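Undergrad: Just need the structure, nothing else, for what follows:
(2 chains)
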Number of protein chains: 2
Amino acid sequence: MRTIAIGQLGLGNVGAGTVALLRDNRAAIESRLHAKVVVRKILVRDRERTRDVTVNPSLLTTRADDILGDPEIDVVVELIGGIEPARTYILQALTAGKHVVTANKALLAEHGAEIFALAAARGLSVYFEGSVAGGIPIIRSLREGLASDRIEAITGIVNGTSNYILDAMTRTGATYADALKDAQAAGFAEADPTLDVGGGDAAHKLALLALVSFGVRVDPAEIVTEGITGISPLDIETAAELGYVVKSLAIARRTEAGLCLRVHPTLVPRTHVLAGVEGSYNACLVQSRALGRSLYYGRGAGMLPTGVAVVSDIIEVCRNIAAGTSSPPVPDAGIVEGTPLPLDNLVSENYLCLHVPNQPGMLGKCAACLGKHGVSIKRMIQNAPLGRHPVPMVIFTEPVEEHKIAAAIREMTTFEILGGMPIGRIRVLDLGDTP
Amino acid sequence: MRTIAIGQLGLGNVGAGTVALLRDNRAAIESRLHAKVVVRKILVRDRERTRDVTVNPSLLTTRADDILGDPEIDVVVELIGGIEPARTYILQALTAGKHVVTANKALLAEHGAEIFALAAARGLSVYFEGSVAGGIPIIRSLREGLASDRIEAITGIVNGTSNYILDAMTRTGATYADALKDAQAAGFAEADPTLDVGGGDAAHKLALLALVSFGVRVDPAEIVTEGITGISPLDIETAAELGYVVKSLAIARRTEAGLCLRVHPTLVPRTHVLAGVEGSYNACLVQSRALGRSLYYGRGAGMLPTGVAVVSDIIEVCRNIAAGTSSPPVPDAGIVEGTPLPLDNLVSENYLCLHVPNQPGMLGKCAACLGKHGVSIKRMIQNAPLGRHPVPMVIFTEPVEEHKIAAAIREMTTFEILGGMPIGRIRVLDLGDTP
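TA: Down below sits the predicted model:
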């Protein structure tokens, strides 16, 4: 029986899960592949550290070259994360003729073009199921399950931290700051949560989903990205009163004018399938021409969920090796570079929340400003509580182009009477347009 | 570039979708496989019939042997459905060294052992993504995405007709008979809906899911199967008042005692992820050891959704052919024959609905009978409307073994005072036990 040798870079959380799953499923994997899969070396920073998995110490090395320079190693599994040295290691592995499995969304989103081009030139595979939505086989489903379909749009809850915080705020009425603290204590948010709550992590994943679905590579920095840090308990409560839940969505859509990509908090009707995605779960709702709507839901992170995804990729790569083929993870027709559309002409309904002095004429002033910019008001809610000052005024707009509502908000922000209080604004999920 | 030749059996709904998708995606498929995929012959009953897809008439044949006996044909795609002649054709195709793609759940559920054994002996593939939940890539996800995971349970809404009818009854208050008529008019139920509404179709699919997930082949006739024909508007209304939705679920679970398989109407809490599966949609909720809960949701039937699944299988088989390998669709470790556990010791909460004369002592008589059999009452609801006779009495039980509640129902059914009115009974989804 042929032996396929793996070199693993990193033995943190996901690395330990991967080693454990490969070991626990050795017999099933061998019988599927008619080949043995052996972890030959694991790169670690510190050989003495206590770990979540028992590993033969002789497998551990602190020198990357023990893996990248070992001609016996067929597959490099990169689980150290971050841009460097992960990028250099992956390029070295491909140059040395090794296939690559990675769960590194940031690296692929930013340097995917370079990595995929080198892999294609060498006839090697780069697989990355673990990089988006953890253990949910979304990449595989898009790439293979829907191979003969045309993906029109993806609407995803792809950042577990943001969903956990918004879900906690919805259930308990907590402020963002308190919900974040709880999420950190529960292990669902990092000490520095910026990348998660700011939407950057979701933008990375959205760029990868667009790559797999549309064959278009975009720079994640060009994706319009709004985080959840400005969402207030009042926003959540008002949304709930009107039958909505606030979710942070990553949305990719083909339009006639080009690719529309965005990450932002969104009001989702409570009956919508994405409204029920609770806690740190992830979900991707796919709209495709033949299949219509399909949804993939599960744990988006964690040692074992992401490990399951990494091992499914290892099995796939080893299957290619055993068969002497390579199967590219992204559309073969070639990846084109793309720029997301500016949002100027995106049409949405909007939720606006202004804090206004409790005095006559305020509504008229705001309504006039909205009207001047072509924004129609669908609904206005102002319940002035006794003694509260300033008073929150909530406005729902009719569907309107982004540039109009943005101009109106810009002008209202200059109203002296608002005293510099920020104007809250959340787009409403468009059910006609979004899957 | 190598050409792989397909022979297709059947050109109905799904057959037309398959031909159309293969044609519309020819370039993408070629670039993925580095091979051409050509439909060489299509078996039809009537060459002259008008069809949903334009096909070169020279491709059509009424003789199966033009496909099964053609040495140039590599893959046979069976889309005629039913047991015979589909079974004979598939066995002939495998004997002739051809790989098989099929969407025929009834055939695989009943004769899968014979078909998979022959395929394994010949080193050929049999793929069947289209046979369960239409275009949702559930078989692929279970087989490949979760390859290193251990599936513990699957809870599925796998019959679109039943879900469509129950959803309509829930939304409109219609009776079963009226909702069925509407479903037939809308094309979501067959003229003879027995296999769908009786649960037989779901049992076939459940047997296939168990085969893929657990490597156990069971006779679908041995799966305890209850249909939806006895569900009344009163059941649905009472369930709704208490926060439940009635769904027809197919449930497979590993237990220490063996495999528990069942298809029956179930009360699902309104906040549960399966409660939101509307209309004719399908969903499979999977519980696995490493990944935890994951859900796969989409259109369970239809020309294009099922066509997408069939074409994804064709691409997979062609990829194997191009690589000179075969990848078995079911666990290689070998399929074992299994018998589902009897449900006697299954513990569920239950909803009971009795129609009793509006006279003193009725509740006491029923409660005493339940108590005698060890069934505790959690909640009792009786709103006797003026002049209504008999009066519906709804009882929710505490969790209790199946054999106890069954014995109690058997005894109550003999009460002369119930005048032979059937006793409605729906199990409640066990959230501790079911994913």
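Undergrad: residues near A:A120, how many?
TA: Neighbourhood size, A:A120 [other Cβ atoms under 10 Å in any protein chain shown]: 18. The C-beta positions use only the backbone N, C-alpha and C, and glycine is treated the same way.
Undergrad: Same check on A:E110?
TA: Counted by other Cβ under 10 Å, the residues lying close to A:E110 total 18.
Undergrad: What does A:Y296 show for phi and psi?
TA: Main-chain torsions, A:Y296, degrees, to the nearest 10: phi -130, psi 120.
Undergrad: ok, it touching A:C284?
TA: Yes: between A:Y296 and A:C284 there is a contact at 4.9 Å, judged by Cβ atoms under 8 Å.
Undergrad: These two: who's more crowded?
TA: Neighbours were counted for A:Y296 and for A:C284 using other Cβ under 10 Å; A:Y296 has more, 29 against 26.
Undergrad: Identify the bridge partners of the more buried one.
TA: Beta-bridge pairing of A:Y296 under DSSP bridges involves A:C284, B:Y296.
Undergrad: residues from the stretch 1-150 of chain A in reach of chain B?
TA: Proximity of the stretch 1-150 of chain A to chain B (Cβ under 8 Å from any Cβ of the partner chain) is limited to residues A:17, A:21-22, A:24-25, A:27-29, A:31-32, A:129, A:134-137, A:140-141, A:144-149.
Undergrad: What about A:Y351, how many residues nearby?
TA: Neighbours of A:Y351 (other Cβ under 10 Å): 24.
Undergrad: which one is it nearest to, not counting chain neighbours?
TA: A:I426 (4.5 Å; Cβ to Cβ, 6 or more residues apart in numbering or on different chains).
Undergrad: Name the SS class of the one you found, please.
TA: Assigned by DSSP: H, G, I helix; E, B strand; the rest coil, the conformation of A:I426 is strand.
Undergrad: for the stretch 101-250 of chain A, what spans make up the strands?
TA: A:126-127, A:151-157, A:216-217, A:224-225, A:244-255 (DSSP state E, counting those that start in this stretch).
Undergrad: Same list (those strands) but as a markdown table, adding mean pLDDT.
TA: Formatted as a markdown table, those follow (pLDDT from 0 to 100):
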| stretch | mean pLDDT |
| --- | --- |
| strand A:126-127 | 92 |
| strand A:151-157 | 94 |
| strand A:216-217 | 88 |
| strand A:224-225 | 96 |
| strand A:244-255 | 95 |
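Undergrad: Mean neighbour count, the ones you listed: which tops it?
TA: Ranked by mean neighbour count, the strands of the stretch 101-250 of chain A are led by strand A:126-127 with a mean of 27 (mean count of other Cβ atoms under 10 Å in any protein chain shown).
Undergrad: now for that strand, which elements pack on it?
TA: When contacts are defined as 3 or more Cβ pairs under 8 Å, 6 or more residues apart in numbering or on different chains; DSSP states H and E, strand A:126-127 packs onto strand A:99-102, helix A:105-122, helix A:303-323.
Undergrad: residues making contact with the second one?
TA: So that's helix A:105-122. A:81-83, A:86-87, A:90-91, A:94-95, A:97, A:100, A:102, A:125-126, A:128, A:131-132, A:201, A:203-205, A:207-208, A:211, A:217, A:219-220, A:328-330, A:335, A:337 (Cβ atoms under 8 Å, 6 or more residues apart in numbering or on different chains).
Undergrad: and these, which are buried?
TA: When the contacts of helix A:105-122 are checked for burial by 16 or more other Cβ atoms under 10 Å in any protein chain shown, the buried set is A:81, A:86-87, A:90-91, A:94, A:100, A:102, A:125-126, A:128, A:131-132, A:201, A:203-205, A:207-208, A:211, A:217, A:220, A:328-330, A:335.
Undergrad: Span of stretch A:147-165 from start to end?
TA: 35 Å (Cα to Cα, to the nearest Å).
Undergrad: brain fart, stretch A:56-76
TA: The first and final residues of stretch A:56-76 sit 19 Å from each other (Cα to Cα).
Undergrad: List of residues touching that stretch?
TA: Residues from elsewhere that reach stretch A:56-76, judged by Cβ under 8 Å, 6+ apart: A:4-9, A:11, A:39-47, A:85, A:89-90, A:92-93, A:96, A:98-101, A:314, A:317-318, A:321.
Undergrad: let's go with 6 Å and repeat that
TA: A:4-7, A:40-44, A:47, A:89, A:92-93, A:96, A:98-100, A:317, A:321 (Cβ atoms under 6 Å, 6 or more residues apart in numbering or on different chains).
Undergrad: Stretch A:393-402 now?
TA: So stretch A:393-402 is contacted by A:238, A:343-347, A:349-354, A:356, A:375-382 (Cβ under 6 Å, 6+ apart).
Undergrad: so how far is stretch A:21-40 from its chain's centroid?
TA: Stretch A:21-40 sits 30 Å away from the centroid of its parent chain (Cα atoms, centre = their mean, to the nearest Å).
Undergrad: average pLDDT for that stretch?
TA: Stretch A:21-40 shows a mean pLDDT of 87 in the predicted model.
Undergrad: Helix, strand, or coil at A:P422?
TA: A:P422 ends up coil, using three-state DSSP.
Undergrad: quick one: contacts for it?
TA: No contacts exist for A:P422 under Cβ under 6 Å, 6+ apart.
Undergrad: If we use 8 Å, what do you get?
TA: Contact analysis of A:P422 by Cβ under 8 Å, 6+ apart lists A:G230, A:T413.
Undergrad: I appreciate the help and will end here.
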